[in-house]
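The amino acid sequence is not available; the structure is as follows:
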């Protein structure tokens, strides 16, 4: 009897070990994209491939970010980008990686980037889509090991696929995006995107090199206790904005601000909160870019149940007038944004 019990115990341990090591890894990004392709009556695979190209670029950039301190790639190149900002080596590398992946993928006819002045023609004039990217948001935090990210928007072109794409093809309102998302390079690397339905998050499994579905159908809490703003500019903000910040403090809300938009946005999406980048005397039109940052995150937050505004109107309704247009930006949990708007 003792021998049989011992054998049964041994068999159970072996079985448990096999089950543990052979457990399903979950749904990969590629499989998930293929499963969801049917949601688009006009899609024949191009959009799915385009998302895979973006994921490939993200994996490569993730590798560069993780070894930045060893390679010295986090330093400045001594030049400014089109935005008048100090350009870091990894800004240029990330921009190159995205352009290369999208051009070789063949599914985008044009790319606009925060790091480049004009529309880049890819040579794939037959393609239906254009991409707007911020290749490396928050890169000034790279040298101090704070999370940074990439942001992307995908638009369906207006002109015929028989023509060379023009700026008109990408200068569309945010409401016309067919997909948008971001990649967060942090303690784990995540790709979060939406194609106009739910918002889904995928975590990179480094040993497999695969993004695995980890956060399906993400929703922002209706109300939160986090406010994210650079309070160093407090006295440059309008009276209404200062009043709302004071309200947050009186409510004993938590002040959380890293200076990396993707990191602050992701935290508030997960926990509930509001991110604010108001207009100031030095930046009366705001500082964040409509085409590369605000449209994509606004597209995501609305699908997750939140609100995005420039303080006067819905961000996704703003008609772009310039490729590098800046706006004031307020985004987050609906009750918090509405409270801000009642005071602003």
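Noted; the coordinates are in hand. All values reported here derive from a predicted model rather than from experimental measurement.

Read off the pLDDT value for the residue positioned nearest the centre of the chain.
Centroid check for the chain by CA atoms, centre = their mean gives residue 182 as the closest residue, at 1.9 Å. Residue 182 is assigned a pLDDT of 98 by the prediction.

Could you report the distance from it to residue 189?
Residue 182 sits 11 Å away from residue 189, taking CB to CB, to the nearest Å as the criterion. Every C-beta, even on glycine, is put in place using the N, C-alpha and C of the backbone.

Which residue ranges make up the domains of the protein?
29-215, 226-343 (automatic domain parsing).

Least confident of the ones you listed, on average?
domain 29-215 (a mean of 87).

What's the end-to-end length of stretch 294-308?
Start-to-end span of stretch 294-308 (CA to CA, to the nearest Å) is 8 Å.

Please point out which parts of that stretch sit buried.
294-304, 306-308 (16 or more other CB atoms under 10 Å).

what sits up against that stretch?
Applying CB atoms under 8 Å, 6 or more residues apart in numbering, the external contacts of stretch 294-308 come out as 132, 151-153, 174, 177, 180-182, 192-194, 196-199, 218-220, 222, 261, 265, 269, 288, 310, 314-316, 327, 329-334, 337-338.

List buried members of those residues by neighbour count.
132, 151-153, 174, 177, 180-182, 192-194, 199, 218, 220, 261, 265, 269, 288, 310, 315-316, 327, 329-334, 337.

Name all residues that make contact with residue 211.
Residue 211 touches 28, 29, 55, 191, 202, 203, 204, 205, counting by CB under 8 Å, 6+ apart.

if I read this right, the third one contacts residue 191, doesn't it?
Yes - shown here, residue 55 and residue 191 form a contact pair, counting by CB atoms under 8 Å, at 6.0 Å.

Of those two, give the one with the bigger neighbour count.
More crowded of residue 55 and residue 191, by other CB atoms under 10 Å: residue 191, with 25 against 21.

contacting residues around that one?
So residue 191 contacts 29, 54, 55, 58, 181, 182, 183, 201, 202, 204, 211 (CB under 8 Å, 6+ apart).
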